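**Student:** just a sequence and a predicted model for now, questions to come.
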Amino acid sequence: SKAWTLRQHFQGFPKASDFHLREETLPQPKNGQVLLEAVFLSVDPYMRPYSQTMMKEGDVMIGSQVAKVIQSYNPSFPVGCHVVSDCGWRSHWVCDGAELTPVLPDWPQDIPLSLALGAIGMPGLTALYGLEEVCEIKKGETLLVNAAAGAVGSVVGQIAKIKGCRVVGCAGTDTKVSYLKELGFDQVFNYKTATSLEESLREAAPHGYDCYFENVGGKFSSVVMPQMREYGRIAVCGSISMYNDTTPQTGILLSKTNKMFVLILQGKLRCNEHITSGFNNMPAAFMGMLQGDNIGKAVVKV
Ligand code: NDP
């Protein structure tokens, strides 16, 4: 078995030398336990701040994966079934069934299993929760979402469109901008090439924003705040622009699944994935996601 560990805490943007690939010998599974083999592993922004505050050097990188059961002493998880496990960046793992979430036995054939880490999983549910429970978004309202071509952002924008909203999105490349237009976003711009973020935001929604789905934080948010309408709502989801900072930015650090299947199967929700091949490429996939290589969810296929 192989596992990626944090060799040393990241200083600023992560480097390949901050990671270490370790060989492990796993114990034989006992009664109630299973042996897992990773199929898809997730790389997510939260791993960056988490590693700094919650991990010691030498710890295995945190993360979720879709894994296949290859040996089983637990009748609830027979050999060949798929599960979601939070066992980190590991190729194999022995654990109790209680630590596992089964992938539905009637998982639709047309939906890739990797989406259990994306639109059907944590990022998709984050999008849905933020829109419905935090923003309480209503038909006819104008929504702004940043990191809009990513795992969370692309679902946020599409669901807001389905709910009859006007959606403004921003992303860091022109290819992402074109992709978001294809998805039906009303106004999209590249925040890296815009001459003025403030003006681009104002042009996209001259009457201001009813809802802001906040993925980026920092200075970006400081520019958005004055453009929020009265009674506007903000879903504070993440602040990726600050995760690699060595000195704090001045700015604001703000800190239902079946529905998704239906939307995807009806073709109403498109789920692009940015798939990197090979367990050995976990660090490269993680660093690529942090610097914006991905359109849609970033995952690694073993
Ligand atoms: P993404 O798939 O969106 O990947 C990260 C994207 O962030 C990159 O592709 C890049 O796109 C963008 N980005 C990177 N650096 C910056 C920067 N300095 N300024 C602006 N954008 C930047 O990741 P997720 O969809 O998984 O996560 C998006 C946000 O949601 C993160 O902040 C994350 O922490 C948060 N999150 C929070 C959850 C919660 O439970 N609260 C759950 C899941 C995610 P670009 O090319 O556009 O710059």
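**Tutor:** Nice, thanks for sending it over. Everything numeric in this text was worked out from a predicted model, so none of it was measured. Numbers count the residues shown, from 1 in each chain.
**Student:** got a list of what residue 245 touches?
**Tutor:** Neighbour list for residue 245: residue 12 [criterion: CB atoms under 8 Å, 6 or more residues apart in numbering]. Using the backbone N, CA and C atoms, a C-beta is placed for each residue, glycine as well.
**Student:** kindly report the same for residue 300.
**Tutor:** Counting by CB under 8 Å, 6+ apart, residue 300 makes contact with 40-43, 275-279, 281-282, 285.
**Student:** for it, name its beta-bridge partners.
**Tutor:** Under DSSP bridges, the beta-bridge partners of residue 300 are residue 41, residue 276.
**Student:** and it, what's its pLDDT?
**Tutor:** We have a pLDDT of 98 for residue 300.
**Student:** and it, how far from the ligand?
**Tutor:** From residue 300 across to the ligand, the span is 13 Å (CB to the nearest ligand atom, to the nearest Å).
**Student:** which residue sits closest to the residue of the stretch 51-200 of the chain found nearest the ligand, ignoring its sequence neighbours?
**Tutor:** Of all residues in the stretch 51-200 of the chain, residue 150 sits closest to the ligand, at 1.7 Å by CB to the nearest ligand atom. Among residues not flanking residue 150 along the chain, residue 294 sits closest, at 6.5 Å (CB to CB, 6 or more residues apart in numbering).
**Student:** surely the one you found is in contact with residue 276?
**Tutor:** No: contact between residue 294 and residue 276 fails when scored by CB atoms under 8 Å: they sit 9.2 Å apart.
**Student:** what does the chain have sitting close to the ligand?
**Tutor:** Residues of the chain found near the ligand (CB under 6 Å from any ligand atom) are 44-46, 122-123, 126, 147, 149-153, 171-173, 176, 215-216, 237-241, 289-290, 292, 294, 298.
**Student:** change it to 5 Å
**Tutor:** 44-46, 123, 126, 147, 150-152, 171-172, 215-216, 237-238, 240-241, 289, 292, 294 (CB under 5 Å from any ligand atom).
**Student:** can you select the buried ones from the residues you listed in PyMOL?
**Tutor:** PyMOL command restricting the residues of the chain next to the ligand to the buried ones, with burial defined by 16 or more other CB atoms under 10 Å:
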select buried, resi 44+45+123+126+147+150+151+152+171+172+215+216+237+238+240+241+289+292+294
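**Student:** now the strand or helix carrying residue 203: buried residues?
**Tutor:** Residue 203 belongs to helix 197-204 when assigned by DSSP states H and E. Within helix 197-204, the residues that count as buried by 16+ other CB under 10 Å are 197, 200-201, 204.
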